[in-house]
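structure here, sequence nowhere to be found:
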């Protein structure tokens with residue numbers, strides 16, 4: 001599972017639309033995502049890159065995806081001079097994706113939240129417009145998790161930043177439902193599994209198995225968490241988004257984690273998730289399909 005790691009690294013000051021060139025089909029933004037087994041359109045699973053993909057599609061900006069095998073992320077990120085700023089509990093650096101490289105402004109940005117802020121500032125009128133309309137995002141999930149999560153301190157749009165951190169924590173708590181079915185790129189699957197084992201301090205890949213009563217308890221916990229989150233979506237009955245018919249970055253945050261569940265839990269369990277809470281999150285997932293094109 002990927003977690004955001006780095007604030008934006010920009011090689012020149014981020015201009016606004018009035019002073020910036022605009023990405024074109026012949027000179028698109030390059031979006032770095034984690035490679036999966038084919039077909040990638042079905043198996044892209046990493047939630048933070050999914051936040052960025054939905055954002056790029058919402059903004060209707062030309063881009064192309066560069067797929068990076070999980071064991072190559074450190075090398076690629078280092079070669080682009082985009083440093084990590086998250087660390088594991090043992091003090092080691094945590095290298096991950098997404099990154100975008102915008103040739104129109106000669107900018108590199110290496111964190112999904114910072115990417116959204118950058119695109120909103122640099123291309124404010126593109127696509128659907130503002131990613132961060134004012135709204136109340138009072139969802140909290142104060143549970144310690146063992147992996148680095150996005151830092152929300154000192155970020156623009158603090159309500160969205162806190163919401164991003166809370167959603168990451170809420171879904172990460174239930175991530176064992178997904179790990180055994182992660183669709184690794186076949187040629188590097190063994191290396192990827194070994195890296196997951198190392199990061200988690202486990203002894204072997206089979207330690208991540210979640211079956212029987214333990215799995216059912218985790219599913220019930222996920223259902224309860226989604227019930228609490230669903231109260232925010234029920235405020236505007238016109239739905240399916242938090243602001244009714246108007247999507248925002250907050251919807252993309254939740255939608256990204258739904259994408260991970262869709263790609264990694266057994267089909268029958270995904271149908272269970274879709275049916276919970278009157279199908280509320282199925283409606284959100286289906287509505288966000290318009291922003292889910294894999295380019």
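Looks like it arrived, so ask away. Only a predicted model underlies this, so the values are computations on that prediction, with no experimental measurement involved.

and the residue lying closest to residue 22 once chain neighbours are set aside, what's its pLDDT?
Distance criterion CB to CB, 6 or more residues apart in numbering; nearest residue to residue 22, sequence neighbours excluded, is residue 104 at 5.8 Å. Glycine gets a C-beta too; all of them are placed from N, C-alpha and C. Model confidence at residue 104, expressed as pLDDT, equals 96.

so residue 104 sits against residue 30, correct?
No - contact criterion CB atoms under 8 Å: residue 104 and residue 30 do not qualify, at 11.3 Å.

right, and the helix or strand after the helix or strand containing residue 253?
Secondary structure from DSSP states H and E places residue 253 in helix 249-264. Next helix or strand after helix 249-264 toward the C-terminus (DSSP H and E): helix 267-275.

C-terminal to that following helix, what's the next element?
Following helix 267-275 in sequence, per DSSP H and E, is helix 280-287.

leaving out chain neighbours, which residue sits closest to the spatially most central residue of the chain?
By CA atoms, centre = their mean, the chain has its centre lying nearest to residue 48, at 2.0 Å. Nearest non-adjacent residue to residue 48, counting by CB to CB, 6+ apart: residue 112, 4.3 Å away.

neighbours around the one you found, how many?
A count of neighbours around residue 112, defined by other CB atoms under 10 Å, yields 34.

equivalent analysis for the one 4 residues further on, please.
Residue 116 is surrounded by 27 other residues when neighbours are defined as other CB under 10 Å.

residue contacts, it?
Each residue near residue 116 by CB atoms under 8 Å, 6 or more residues apart in numbering is listed here: 51-52, 55, 131-132, 249, 252.

buried set for the helix or strand hosting it?
If you go by DSSP H and E, residue 116 is part of helix 112-122. For helix 112-122, burial by neighbour count (16 or more other CB atoms under 10 Å) applies to 112-120, 122.

hey, where'd the helices end up in the chain?
40-43, 47-59, 73-79, 112-122, 158-172, 176-179, 189-200, 212-233, 249-264, 267-275, 280-287 (DSSP state H).

just to check, residue 269 is in contact with residue 177?
Yes - using CB under 8 Å as the test, residue 269 is close enough to residue 177 to be in contact (7.4 Å).

higher neighbour count, these two?
It is residue 177, of residue 269 and residue 177, that has more neighbours when counted by other CB under 10 Å, with 21 against 17.

which stretches of this protein have low pLDDT?
Within the chain, the stretches with pLDDT under 70 are 1-20, 85-92, 144-151.

please redo it, this time with the cut-off set to 90
Applying pLDDT under 90 to the chain flags residues 1-22, 83-96, 140-154, 195-202.

distance of the residue nearest to the centre of the chain relative to residue 113?
Residue 48 is 9 Å from residue 113, where distance means CB to CB, to the nearest Å.
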